[in-house]
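1. here's a sequence, model it:
(chains A and B)
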Amino acid sequence: MSRTMAVARMQLINKWTYIGWPLTILAASFLMSLAIFALIPVQEGKYGGGSQAPMWYFLVLGIQSMTLVFPFSQGLSISRKAFYLGTLGLFSLIALGMTGLYLLGGVIEGATNGWGVYGYFFKIPWVTDGPWYSTAAFFFMVMMFMFIIGFWFATIFKRWGTTGTLISTLGTGLVLIGLAALSTLFQWWGVVGTWFAQQTPLSISGWAALLCVVLAAGSYATLRKATP
Amino acid sequence: MNETIVEARNLIKHYKDLNALENVNLTLSANRIYGLLGRNGAGKTTLMSILTAQAFATSGEALVFGASAYENDAVLSRICFIRESQKYPDDFQPQHAFRSAALFYKNWDQDFADRLAEDFQLPVKRRIKKLSRGQLSAVGVIIGLASRAELTFFDEPYLGLDAVARQLFYDRLVEDYAEHPRTIILSSHLIDEVANLLEHVVVIDRGRIIMDADAEEIRGSAVTVSGSAEKVDGFLAGRRILHRETLGSLASVTVDEALGSRERAEAAELGLELAPVSLQQLVVRKTMVRPDGAGSGSIAGEFADDTLEARR
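-> Model (predicted):
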């Protein structure tokens, strides 16, 4: 247990990786969005997608955890289990903190009429329409999903190299195309459309959580036999 | 005799098109300095990786402190193995790597690490990925030394280090080892440089252990006899010849045997010259000899004019 904690602490030794960069990216994206909002002379709600910027960094973070931090942890004789739990645990905390920040940003945004320029950075139509916990669940799960998907693909890469990554990426693509083809063939699109229309941010978070659990379990199984 | 801390039993590692380890059996005891010598690709890193559970054997057993190291914190916490191509987190500086090591090694000595960094003139606040090859090696060397792990592996630790820095490493290693005895495994192909440090030598060649003996035993275990070819050959008839060189009517022949005092006297009478064989020479010669019949049909003789890369 203490070694798991130490893995998390180790990755906070350089504060930039998990705290500095996400905040910098968020701040930069926020300021740019705000500047653009201010430049558009419209007196009604303006929405931008800038708040997703840190998410892409989390994808990179997930990849690097596996390609760089894992080999380093092996050099310090850290067990694969401690590395896995410590890293995923730390990221969950970071995602939780970021979610809090997004919620707070949304509250301020609402109270100041879109920062005085009718610009909405944290408020996203549909996503933030529901109660606060549904918004929170959605942001948190998206962040976790980005990190885990990066981690997962990097695990595949570490274990099975370029071929493995290619096969799993193409395989995923083929399965999706196959599903689309089946939907067309059997005229399921109406049902699929209705299903999606019925989803709420909360239920989407639930599905994402399920996918995250599957991918996280898969990563762990692969990691158990991965070499640095 | 000291307690056994590493035991490899019938270790085999097969990659798709390469047999990296062929039935390796090895026993290492506590508080000694071992040299793991061999050519590039001989299996040194593979063996160390398997012992530390960073990689997996195809079959066989690797016990460290009496148990497998795999996912075993009790064993792992006593091992340090920074590999030659060690990777570090993207944003890390050497100082971050040292602070990380401090979290995991209970005997970590930060003062020692600081002194070493100064000795090696390592910029501890520069990003690791911006460091030169030598500086990168220094980071690994410092972690290996300052962690004071009971079982420490150094994997070709001198790559890119200049002669002064290498000497510094050898000196610090010996000094610190004297004060804090532990088991050190030094993988190297710069054999002459490390020969004096080693207490025990393990030579691995193409995945097989071809020599496993105390350094004392090895010194003087082989000899080079030179003189007129006729006399040399007559004198050495029936002995295990490792290497033979001729120049005109002169021959210089290395035998894998020690000579007794009577034989030495006889050689002197015949006007033959005897010269000791350095550890490096011995390893080079032994590595280049192909045991007849053995070697599962592998390319024999093809490496005859190869030299150990260390001879630069």
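2. who are the contact partners of B:E199?
-> B:32-34, B:214-215 (C-beta atoms under 8 Å, 6 or more residues apart in numbering or on different chains). All C-beta spots, glycine's among them, are computed from the backbone N, C-alpha and C.
3. check these and tell me the two furthest apart.
-> By the measure C-beta to C-beta, B:I33 and B:D214 form the most distant pair in those, at 11.4 Å.
4. show the buried residues in the contacts of B:E199.
-> B:32-34, B:215 (16 or more other C-beta atoms under 10 Å in any protein chain shown).
5. low-scoring pLDDT stretches of the chain, where are they?
-> No chain in the question, so chain A it is. A:1 (pLDDT under 70).
6. chain B is the one I meant
-> Using pLDDT under 70, chain B drops low at B:1, B:290-312.
7. tell me which element the residue lying closest to B:L21 once chain neighbours are set aside falls in.
-> Excluding its sequence neighbours, the residue lying closest to B:L21 (C-beta to C-beta, 6 or more residues apart in numbering or on different chains) is B:K13, at 4.0 Å. Secondary structure from DSSP states H and E places B:K13 in strand B:4-15.
8. got the domain boundaries for chain B?
-> Per automatic domain parsing, the structural domains of chain B span B:4-215, B:223-276.
9. deepest in the core, which of those domains is it.
-> domain B:4-215 (a mean of 19; mean count of other C-beta atoms under 10 Å in any protein chain shown).
10. what is the end-to-end distance of it?
-> The first and last residues of domain B:4-215 sit 18 Å apart, counting by C-alpha to C-alpha, to the nearest Å.
11. quick one on the thing from earlier: distance to chain A and secondary structure added to the buried ones among the contacts of B:E199, as JSON lines?
-> As requested, the buried ones among the contacts of B:E199 are exported to JSON lines (distance: C-beta to the nearest C-beta, whole Å; DSSP: H, G, I helix; E, B strand; the rest coil):
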{"residue": "B:R32", "distance to chain A": "20", "secondary structure": "coil"}
{"residue": "B:I33", "distance to chain A": "20", "secondary structure": "strand"}
{"residue": "B:Y34", "distance to chain A": "18", "secondary structure": "strand"}
{"residue": "B:A215", "distance to chain A": "28", "secondary structure": "helix"}
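12. of those residues, closest to A:W152?
-> Set against A:W152, the nearest of the buried ones among the contacts of B:E199 by C-beta to C-beta is B:Y34 (39.5 Å).
13. who is the closest one paired with across the strands?
-> Beta bridges link B:Y34 to B:I185, B:H200, judged by DSSP bridges.
14. that one contacts B:L198, doesn't it?
-> Yes: with contact defined as C-beta atoms under 8 Å, B:Y34 counts as touching B:L198 (6.9 Å).
15. so what sits against both of those two?
-> Residues touching both B:Y34 and B:L198 by C-beta under 8 Å, 6+ apart: B:L186.
16. find the closest residue to chain A in the stretch 101-250 of chain B.
-> Among all residues of the stretch 101-250 of chain B, B:L103 sits closest to chain A, at 4.3 Å; criterion: C-beta to the nearest C-beta.
17. which residues does B:V283 contact?
-> With contact set as C-beta under 8 Å, 6+ apart, B:V283 has these partners: B:37-38, B:191, B:203, B:211, B:308.
18. surely it is within a strand?
-> No: under the criterion used here (DSSP: H, G, I helix; E, B strand; the rest coil), B:V283 is helix, not part of a strand.
19. elements contacting the lengthiest helix in chain A?
-> Counting by DSSP state H, the longest helix found in chain A is helix A:132-185. Applying 3 or more C-beta pairs under 8 Å, 6 or more residues apart in numbering or on different chains; DSSP states H and E, one finds that helix A:132-185 makes contact with helix A:53-64, helix A:80-111, helix A:201-223.
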